[in-house]
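> Provided below for reference: sequence and predicted model.
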Amino acid sequence: MNGSPPSPLSSFLASLTFYTTIPLAWVGPLTFHRIARFAPWVGLLLGCSLGLLDQGLAAVGMPPLTRAALGVAIWVGLTGGLHLDGAMDSADGLAVMAPDRRLEVMADSVTGAFGAMVAVLILLLKTLAWVELPRGLPGESLWLLALVAGWGRWAQVVAIARYPYLKAQGKGAFHKKEFETPWDWLLGLVSLIVIASLGFLCHGLSLVLVISLTLGGVVLGLGIPAWFNQQLGGHTGDTYGAVVEWTEALLLCGLTVFSAPGT
């Protein structure tokens, strides 16, 4: 029926198309109505794919640092650098002392020194933390990477839901316009908690690890968007990307404390 809302499957596929470089032209026309609610699911799928890649490379004998670097490079490739570009632009904007010029600088396509430094820092943190992920169980890195990528995108959903969008037009404006609270951000939150619980119940992940990852995801998912809002008075498409990148990087770093010494 004309005017009827798209099915959840169609919305998820549209979300996958928007947030990744996965070719889905064969699916047919997609409607991008309320796709942000499925961003955590896209993150889970991406993280799961990266975890499978990590296991496959380990099986053929690739050293940990090399496969971590390759995995992070593919991570950027699968997202088209969308979120990393936002983190870089946000860093350039926040480096400006005059608050009224920050949005103007963020909109500039030229990458500044602070943007370049932030990109290096994020990629370095992700790569080194990937190497040190807990691997006490077979497939443990798969669960952890999936949840980290999921929480990163849930943090973006929080930014969309809780804070004003600062541009009348922009690459993230339609997310805010079509967002429905609280259901859209609760969908991702419940999904991530369920997946984490399944990791504990079905795969034997440490309960302390699962609880810590969940609490870390919630704290960072609420705190990082709040910090950007404090700095700018709201959010843009660039800060949405920055929220994803910093949540992922810091969660990965936090998980390294659960690695056994010497592994």
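Ah, there it is. These numbers come from a predicted model, not from an experiment.

> Could you tell me how many residues sit around residue 73?
Number of residues near residue 73 (other C-beta atoms under 10 Å) recorded here: 12. Any C-beta I mention is one placed from the backbone N, CA and C, and that applies to glycine too.

> meant to ask about residue 191, not that
18.

> give me every residue that touches it.
Contacts for residue 191 were tallied using C-beta atoms under 8 Å, 6 or more residues apart in numbering; they are 40, 41, 44, 150.

> mind checking how far the third one is from residue 75?
Looking back up the chat, that one is residue 44. Using C-beta to C-beta, to the nearest Å, residue 44 is found at 14 Å from residue 75.

> returning to that earlier point: so which of the contacts of residue 191 are in helices?
40, 41, 44, 150 (DSSP state H).

> Is residue 16 in contact with residue 22, as I believe?
Yes - here residue 16 reaches residue 22: they are 6.0 Å apart, a contact under C-beta atoms under 8 Å.

> In contact with residue 71, which residues?
50, 53, 54, 57, 130.

> can you dump the C-alpha coordinates of the one helix or strand the fourth one maps to into CSV?
Which is residue 57. Using DSSP states H and E, residue 57 sits within helix 39-59. Listed next in CSV are the C-alpha coordinates belonging to helix 39-59 (Å, rounded to 0.1, in the frame of the first residue of the first chain):
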residue,chain,number,x,y,z
ALA,A,39,22.8,1.2,13.4
PRO,A,40,23.7,-1.0,16.4
TRP,A,41,22.6,-4.1,14.4
VAL,A,42,24.9,-3.0,11.5
GLY,A,43,27.7,-2.7,14.1
LEU,A,44,27.0,-6.2,15.3
LEU,A,45,27.2,-7.5,11.8
LEU,A,46,30.4,-5.6,11.0
GLY,A,47,32.1,-6.7,14.2
CYS,A,48,31.1,-10.3,13.7
SER,A,49,32.6,-10.2,10.2
LEU,A,50,35.8,-8.7,11.6
GLY,A,51,36.0,-11.4,14.2
LEU,A,52,35.6,-14.1,11.6
LEU,A,53,38.4,-12.4,9.6
ASP,A,54,40.6,-12.4,12.7
GLN,A,55,40.0,-16.1,13.4
GLY,A,56,40.7,-17.0,9.7
LEU,A,57,44.0,-15.0,9.6
ALA,A,58,45.0,-16.6,12.9
ALA,A,59,44.3,-20.1,11.5
